[in-house]
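Q: Sequence first, then the predicted structure:
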Amino acid sequence: MEETGSNPPSLSLWWRRSVVLVFVIGMAVLGFMSVQAYRHAPPIPERVVDTGGRTVFTRQDIEGGQQVFLRYALMQNGSIWGHGAYLGPDFSAQYLHELSMDAGEVLARREFNTELAKLDSGQRLLVDAMIPALLKENRYDPATGRLTFLDVEAASFQEQLSLWADYFSRPTTSMGLPTRYISDPEELRQLTAFFAWTAWASVANRPDKPYSYTNNFPYDPTVGNRLTSDAVLWSALSVVMLLGGLALVLVAFGKFDYLGWKGGPEGGVPNLLAGEPTAGQKATIKYFVIVALLFLAQVLIGGALGHYRADPGDFYGIDLAQYLPSNILRTWHLQLAIFWIATAYVAGGLLLASSLSQKEPRRHAAGIHLLFWALVVLVVGSLLGEFLGIRKFFGRLWPWFGHQGWEFLELGRFWQIILVVGFTFWLWLLYRGTTPALEDPERREITQLFLLAAAAIPIFYLPAFFFGTTSNFAVVDMWRFWIIHLWVEGFFELFVTVLVALTFYQMGVVRRITVVRIIYLDAILFLSGGIIGTAHHWYWTGQTNFTMALAAMFSALEVVPLTLLTLDAWDFIKLTGTGHTTGAEKKVIHHKWAFYFLMAVGFWNFVGAGIFGFLINMPVVSYFEAGTILTLNHGHAALLGAFGMLAMALLVMGLRHVLTDEQWVLPEKLVKLSFWGINTGLALMVITNLFPEGILQIRDVLDNGYWHARSLEFMGQDRIRMMEWIGMPSHMILIFLGVVPMVGASTLTYLRMRKS
């Protein structure tokens, strides 16, 4: 696939065509599955009636209950169909299990004239067999839009009004929500109606199918929800797909020895010389200071969240839930993670754009300053809006300026518009700053790939505007993961590849053809599994087994490019000059610690996204694991470990670039401490807390059902809370030996740059 001749070596056109082909086919399939999500979403009945025809609740009640759920940010407390936070229960699973117990009591009295707890083993087996038969029958009439509840279902709805009122009454039962957080009877009735609908969709069989709208999720044998045969089949075939993909790629790497970072002799003259920054590059340093400060705020809030799991009723003598409840802290924890990582990428992109152009356009630095202050307004405004939103400060405008309620998309619609406008302005700055490089044949293709990868970020955030507060929850979750997975894990991942490759090129350690080939290769590998693999988040959210089949097969391929990181590990070390081979001249490289963080990206990408991601991606595992602490384990190791480490690499590269060797001495010591502190803290967090606690929780799912493992009964156990306390040293190391030194290095660099 290589072309050679008298001119400098170039790539075959089939590299470009392959990327386009993979992208077009992947998006076409994903688009088809998205259309199917609308067609096969669990129906929202116009009326729910009892056997006598009396209305229990209406469609307006269900949609109003969903708005209550969002307005009070309850997705940051518990979850629906496994998606949301892990502090509180899975509301759909809890409602469903309470319904099964109520049905059991009614059946026990009707059949044996006694309480459920007093039945002998034979009688209990009979009742246990009758409960699924009662609840699995789908009594929805699509012609009239009417759903009929049996008397026991209608009675359970009334009983659970008081159950959920009690849940929201005090922090110790709600895992950190304020006292009497939701007390309005009408809001509680609507919220319970929403929970009842999600529970019905979880248990009632699809028309002509032997499983529910959510493919029998959550696991609860008492209602007949067990793993489907399709989930087992597609899990097995996904392993076959993975092995086949690995074999194919390894054969290719064996045949074509120029793949990966083995790209031949070093490149040209470095364009990222330490101590020689442009005005635009100097302007990015304040971004990196903000990155470090936001990172510090995020990990401090993370520590407080850990305390809510360890002791929800008391924070060292302070009733923290009354001032900073757990749902707003988790909101800020997620939003700050996105903000500081995205800010680092924005600044890193601007830094590299200036190095590509070698001559900045007029008023380029002024544009960077303007974007910075827009970023400050966005961060402060959205975080404050979320805090005020859950306190009903904005009235009916809460989705616009307050807390939208959707996990990872919490910021109000107004702030989302500001975000997209800011990204678009950033893209314009990149284009304007790289115009000279676009006119240079040597740098044109690299620059075009850089701009295309950057353009995908604002473009693929647009699905955030495709739904509202009353949209069907199954449809919303489909669009949410277009952003969470496709935006963050797909095109951010591609932008990461471009930034790393471009960094090496600008430092003069690889040739142009190597950089372009790596970008195309990674695009093919990441997008082959990543686009269609987005659907592995939709296994249990109201989509069909057809979606599960494609998702399982293609999400397995996401592990392939991450596995290849192990092949390139030693070449990467030799390339960056961070290792030293006996007998070879040791390289002197200014950006040593940036390269160390880049190597950490490779390690954590393989561990967090590869190992821990594949562990939970197969349907046969995801069915029992979704929404447990194993998801949290994967999220921390992948988001902080891969995306966060790249953000730190860009930060360190920026700091080093603006300082002379003499000025860098003290900041380098702080950066070194930060590197080991962040990596050690994250590793200990996984080893001592997240992974073992996740294993205990999934074991409890298998033993007692999903509802129990997500309940306060499990989370409140002494051994679980003890494990939260055991995780405290990892938090302290991450904060005080990892993030605080980076704040010091960033601030010191900014002050020294301003002084000089």
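A: Nice, thanks for sending it over.
Q: what about the longest helix in the protein?
A: Counting residues, the longest helix found in the chain (DSSP state H) is helix 326-357.
Q: And whichever helix or strand comes after it, what does it pack against?
A: Sequence-wise, the next helix or strand downstream of helix 326-357 (DSSP states H and E) is helix 364-389. Counting contacts by 3 or more CB pairs under 8 Å, 6 or more residues apart in numbering; DSSP states H and E, helix 364-389 is packed against helix 279-283, helix 285-310, helix 326-357, helix 398-401, strand 403-406, strand 409-411, helix 413-438. From N, CA and C alone the C-beta is placed, and that goes for glycine too.
Q: Which element, helix or strand, includes M648?
A: Element membership for M648, per DSSP H and E: helix 645-657.
Q: And whichever helix or strand comes after that helix, what does it pack against?
A: The first helix or strand that comes after helix 645-657 along the chain, using DSSP H and E, is helix 661-685. For helix 661-685, the packing partners by 3+ CB pairs under 8 Å, 6+ apart come out as helix 592-604, helix 645-657, helix 728-732, helix 740-755.
Q: Of these, which stretch is the most buried?
A: Mean neighbour counts were taken over those using mean count of other CB atoms under 10 Å, and the top value, a mean of 28, falls to helix 645-657.
Q: Could you list the low-pLDDT ranges of this structure?
A: Scanning the chain for pLDDT under 70 picks out 1-9, 257, 260-275, 358, 489, 565-589.
Q: Quick one: the strands in it, in order.
A: With DSSP state E applied, the chain shows strands at 2-3, 10-11, 47-49, 55-58, 79-80, 83-84, 140-141, 146-148, 403-406, 409-411, listed in chain order.
Q: So which residue is dead centre in this protein?
A: Closest residue to the average C-alpha location of the chain: I484 at 5.3 Å, with CA atoms, centre = their mean.
Q: Can you name the residues that contact the nearest residue to that one once chain neighbours are set aside?
A: In this structure, I484 finds its nearest non-sequential neighbour in F408, 5.2 Å apart by CB to CB, 6 or more residues apart in numbering. The neighbourhood of F408, defined by CB atoms under 8 Å, 6 or more residues apart in numbering, consists of 334, 338, 480, 483-484.
Q: Check H40 too.
A: Applying CB under 8 Å, 6+ apart, we find H40 in contact with 206, 542-544.
Q: Also I720?
A: Under the criterion of CB under 8 Å, 6+ apart, the neighbours of I720 are 309, 693, 696, 714.
Q: Using ChimeraX, make a named selection holding only the buried ones among those.
A: Per 16 or more other CB atoms under 10 Å, the buried members of the contacts of I720 correspond to this ChimeraX selection:
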select :309,693,696,714
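Q: now the contacts of I720 as a markdown table including distance to L227?
A: A markdown table is the format used below for these (distance: CB to CB, whole Å):
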| residue | distance to L227 |
| --- | --- |
| R309 | 28 |
| E693 | 23 |
| L696 | 20 |
| F714 | 20 |
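Q: Just flag the most distant two among the contacts of I720.
A: Across those, the longest distance by CB to CB is 13.1 Å; it joins R309 and L696.
Q: Show me which pair in the contacts of H40 is furthest apart.
A: Greatest spacing in the contacts of H40, by CB to CB: R206 and Q543 (10.8 Å).
Q: quick one: which of the contacts of F408 is nearest to L502?
A: Looking at the contacts of F408 and their distance to L502, the nearest is I338, at 22.8 Å (CB to CB).
Q: what residues are up against the closest residue to W664 other than its chain neighbours?
A: Nearest residue to W664 in three dimensions, chain neighbours excluded: R656, at 6.2 Å (CB to CB, 6+ apart). By CB under 8 Å, 6+ apart, R656 lies in contact with 274, 590-591, 593-594, 664, 668.
Q: ok, now with 7 Å
A: 274, 590-591, 594, 664 (CB atoms under 7 Å, 6 or more residues apart in numbering).
Q: nearest to M648, of those residues?
A: Among the contacts of R656, A594 lies closest to M648 (CB to CB), at 8.5 Å.
Q: The closest one is in contact with V652, isn't it?
A: Yes. Contact criterion CB atoms under 7 Å: A594 and V652 qualify, at 4.5 Å.
Q: can I get the CA coordinates of stretch 653-669 in PDB?
A: Presented in PDB, the C-alpha positions along stretch 653-669 are these (Å, rounded to 0.1, in the frame of the first residue of the first chain):
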ATOM      1  CA  MET A 653       4.300  19.900  27.000                       C
ATOM      2  CA  GLY A 654       2.900  23.400  27.200                       C
ATOM      3  CA  LEU A 655       4.600  24.200  30.400                       C
ATOM      4  CA  ARG A 656       8.000  23.000  29.200                       C
ATOM      5  CA  HIS A 657       7.700  24.700  25.900                       C
ATOM      6  CA  VAL A 658       7.500  28.200  27.400                       C
ATOM      7  CA  LEU A 659      10.400  27.900  29.900                       C
ATOM      8  CA  THR A 660      14.100  27.800  29.400                       C
ATOM      9  CA  ASP A 661      16.200  25.000  30.800                       C
ATOM     10  CA  GLU A 662      17.100  27.100  33.800                       C
ATOM     11  CA  GLN A 663      13.500  28.100  34.500                       C
ATOM     12  CA  TRP A 664      12.300  24.500  34.200                       C
ATOM     13  CA  VAL A 665      14.400  23.000  37.000                       C
ATOM     14  CA  LEU A 666      11.800  23.500  39.900                       C
ATOM     15  CA  PRO A 667       8.600  22.900  37.800                       C
ATOM     16  CA  GLU A 668      10.200  19.700  36.500                       C
ATOM     17  CA  LYS A 669      10.500  18.300  40.100                       C
END
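Q: So which bits of it are buried?
A: 653-659, 663-664, 667-668.
Q: Farthest pair within those residues?
A: Distance extremes for these: the farthest pair is M653 and Q663 at 15.4 Å, using CB to CB.
Q: if we can go back for a sec, next one: the residue nearest to W664 from A594, what distance?
A: For R656, the distance to A594 (CB to CB, to the nearest Å) stands at 7 Å.
Q: repeat for G694
A: For G694, the distance to A594 equals 32 Å [CB to CB].
Q: got it, and A456?
A: Separation of A456 from A594 (CB to CB) stands at 24 Å.
Q: now G635
A: In this structure, G635 and A594 are 25 Å apart, going by CB to CB.
Q: next one: L116
A: Distance of L116 to A594, given as CB to CB: 63 Å.
Q: quick revisit: angle of the longest helix of the chain against helix 285-310?
A: 150 degrees (axes from the mean of the first three to the mean of the last three CA atoms, to 10 degrees).
Q: so what secondary structure elements neighbour helix 326-357?
A: Packing partners of helix 326-357 (3 or more CB pairs under 7 Å, 6 or more residues apart in numbering; DSSP states H and E): helix 279-283, helix 285-310, helix 364-389, strand 409-411, helix 413-438, helix 492-506, helix 645-657.
Q: and the angle from it to helix 364-389?
A: Taking the same axes, to 10 degrees, one finds that helix 326-357 is oriented at 170 degrees with respect to helix 364-389.
Q: How about N633: what's its closest non-neighbour residue?
A: Closest residue to N633 apart from its sequence neighbours, by CB to CB, 6+ apart: L690 at 3.8 Å.
Q: ok, that neighbour - how many residues close by?
A: Residues within reach of L690, counting by other CB atoms under 10 Å, total 25.
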